[in-house]
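> Quick one, structure for this:
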Amino acid sequence: MTEHGNDRQRLSRRAALAGAALALGGATAAMVVRQAAAQQKISQALANYQTAPKGADHCEVCTNFQPPHGCKFVQGEINPSGWCQLFAPKGPSG
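The predicted structure follows:
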């Protein structure tokens, strides 16, 4: 335990991808974990990236989005209106 207790609340990039991998299951999960361990971005296909939003969820409001057209975890050019299964909404201060 740290004096502020914040360490438990912080997720590393590797832990976040590993958690996403668990949701994916099977061989896909193993591939995501291997790529996370190597600290590489995953392909758009593996992330199930699409250029259209999924309801109100879209890249521009995701914590992983890196303006103007990037993502912390997904390779290639990312449409701010797109979506993938690694979507994580920004918090209220986001």
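> quick one: the helices in this structure?
For the chain, the helices defined by DSSP state H cover 13-24, 26-37.
> ok, and for stretch 82-91, which residues are buried?
Across stretch 82-91, burial judged by 16 or more other Cβ atoms under 10 Å covers 82-84, 86-88. No exception for glycine: its C-beta is placed from N, CA and C like everyone else's.
> Show me where this protein has its strands.
65-66, 70-71 (DSSP state E).
> Quick check: which of these is nearest to residue 42?
Nearest of the strands of the chain to residue 42, taken as Cβ to Cβ: strand 70-71 at 9.5 Å.
> And the average pLDDT for stretch 52-61 is what?
Throughout stretch 52-61, pLDDT has a mean value of 98.
> Let me fix that, I meant to ask about stretch 65-72.
Stretch 65-72 shows a mean pLDDT of 97.
> pLDDT and distance to residue 42 added to the buried residues of stretch 82-91, as TSV?
Listed next are the buried residues of stretch 82-91 as TSV, based on pLDDT from 0 to 100; distance: Cβ to Cβ, whole Å:
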residue	pLDDT	distance to residue 42
82	98	15
83	98	15
84	98	9
86	97	8
87	97	14
88	97	14
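> All good on my end, thank you.
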